[in-house]
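K.L.:
sequence-free structure coming up:
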């Protein structure tokens with residue numbers, strides 16, 4: 001019998017993994033097109049400060065590309081771990097716990113790098129996105145370390 005918490009975490013993981021994978025791949029594609037997007041925006045007379053800062057800062061451009069690749073890998077990892085978790089495989093439990101820890105670390109490191117590269121003007125947006133990005137991995141750690149769920153996976157070994 002699969003615990004309800006495992007079902008909820010697994011289904012949310014599949015949904016978030018798909019969104020993360022697709023969104024990150026779109027982000028990588030957009031990072032490659034940033035100079036063209038900036039030129040189009042300048043020709044139309046509208047230039048956002050964020051877009052201008054990104055195109056003038058090669059470190060920011062590289063970080064956007066690296067973030068997209070890391071995000072795609074984390075999304076794929078989450079998708080695989082979620083499917084295995086729903087199958088009550090002990091490997092899925094281990095992969096999900098590891099993904100949660102790595103996601104928390106990547107969120108914190110990514111926020112720090114963003115503030116360091118783009119500057120303090122990105123702080124409010126970065127802070128909000130970091131908090132939102134930490135909700136699911138923290139929930140995974142809380143739910144999957146409950147005694148009844150740990151016991152369900154230990155009996156699967």
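P.N.:
In hand now; what should we look at? Everything quoted here is computed from the prediction, not taken from an experiment. Numbering: from 1, shown residues only.
K.L.:
pLDDT weak spots in the protein?
P.N.:
Low-confidence segments of the chain (pLDDT under 70): 47-54, 121-122, 156-157.
K.L.:
now with 80?
P.N.:
The model of the chain has pLDDT under 80 over residues 1, 31-32, 34-57, 118-123, 155-157.
K.L.:
secondary structure element for the residue most central in space within the chain?
P.N.:
Per Cα atoms, centre = their mean, the C-alpha nearest to the average position across the chain is that of residue 71, at 5.1 Å. For residue 71, the enclosing helix or strand under DSSP states H and E is helix 58-86.
K.L.:
re earlier: surely the residue nearest to the centre of the chain meets residue 23?
P.N.:
Yes: at 7.1 Å, residue 71 counts as touching residue 23 under the criterion of Cβ atoms under 8 Å. Every residue, glycine included, has its C-beta placed from N, CA and C.
K.L.:
Contacts only, for residue 1.
P.N.:
Going by Cβ atoms under 8 Å, 6 or more residues apart in numbering, residue 1 touches residue 152.
K.L.:
and what of residue 77?
P.N.:
With Cβ under 8 Å, 6+ apart as the criterion, the residues that contact residue 77 are 17, 95, 99, 102.
K.L.:
Alright, that wraps it up for me.
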